[in-house]
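Engineer: structure for this input, please:
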Amino acid sequence: MTEEELKELYAHVLELSHNIPATDRIDQPQATVTMVSPLCGSQITIDLDLDGETVSGFGQKVRACTLGAAAASIVGARILGASADELRELRTRMRAMLKDDGPAPDGDWSALELLEPARDLISRHGSIMLVFDAVAEALDEIQGERSATKAPDRKGIPDTVRA
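Structural biologist: The predicted model follows:
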């Protein structure tokens, strides 16, 4: 990546982090989840409503680094109308992209490819994963189940924890 490409990438990530959609909280959500990244202190609180299997309401309060805020921005712009299964799969793909050199999400979620270079920034993985983990926890809460896409057990400090 050239220096000019890096500057352009950073400018785009910075723009996303300063223009986070869906920052109005839901009055009586079906689920509210707060997640924290213990490594960096980033935090997100999300509200979620489902109509059947489809997201019908979403709100978020984001206190995260630029990369975590950019992830929340992309999700906030695209989450309405997404299915529970799609969002659980998205979480799995994002974790694989960051941790296991997996491919970036595609289709409606291809904008998340922007965060692919962050796989080398291990200390920021938790901040990036906050929104995905919070959404998965909220889905589990609403649907009364534990997700089959739960993150594998890893040694050391977890990327995110529920607050």
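Engineer: what about the longest helix in this protein?
Structural biologist: When the chain is parsed with DSSP state H, its longest helix is helix 125-143.
Engineer: packing partners for it?
Structural biologist: strand 31-36, strand 43-51, helix 66-78, helix 84-99 (3 or more Cβ pairs under 8 Å, 6 or more residues apart in numbering; DSSP states H and E). (Each C-beta comes from the backbone N, C-alpha and C, glycine too.)
Engineer: for the longest one, buried residues please.
Structural biologist: Meaning helix 84-99. Residues of helix 84-99 classed as buried by neighbour count (16 or more other Cβ atoms under 10 Å): 84, 86-88, 90-95, 97-99.
Engineer: tell me what that helix is packed against?
Structural biologist: Packing contacts for helix 84-99, counted by 3+ Cβ pairs under 8 Å, 6+ apart, involve strand 54-63, helix 125-143.
Engineer: state the pLDDT value of the nearest residue to residue 132 once chain neighbours are set aside.
Structural biologist: In space, and not counting its chain neighbours, residue 132 is closest to residue 91: 4.1 Å by Cβ to Cβ, 6 or more residues apart in numbering. With respect to pLDDT, residue 91 scores 98.
Engineer: ok, back up a step: and the buried residues of helix 84-99, which is closest to residue 134?
Structural biologist: Using Cβ to Cβ, residue 91 is the member of the buried residues of helix 84-99 that lies nearest residue 134, at 9.7 Å.
Engineer: quick one, what contacts the closest residue to residue 18 other than its chain neighbours?
Structural biologist: Excluding the flanking residues, the one nearest residue 18 by Cβ to Cβ, 6+ apart is residue 69, at 7.9 Å. Contacts for residue 69 were tallied using Cβ atoms under 8 Å, 6 or more residues apart in numbering; they are 16-18, 20, 62.
Engineer: turn those into JSON lines, including pLDDT, neighbour count and secondary structure.
Structural biologist: Below are the contacts of residue 69 laid out as JSON lines (pLDDT from 0 to 100; neighbours: other Cβ atoms under 10 Å; DSSP: H, G, I helix; E, B strand; the rest coil):
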{"residue": "16", "pLDDT": "95", "neighbour count": "23", "secondary structure": "helix"}
{"residue": "17", "pLDDT": "94", "neighbour count": "19", "secondary structure": "helix"}
{"residue": "18", "pLDDT": "93", "neighbour count": "11", "secondary structure": "helix"}
{"residue": "20", "pLDDT": "96", "neighbour count": "20", "secondary structure": "coil"}
{"residue": "62", "pLDDT": "97", "neighbour count": "23", "secondary structure": "strand"}
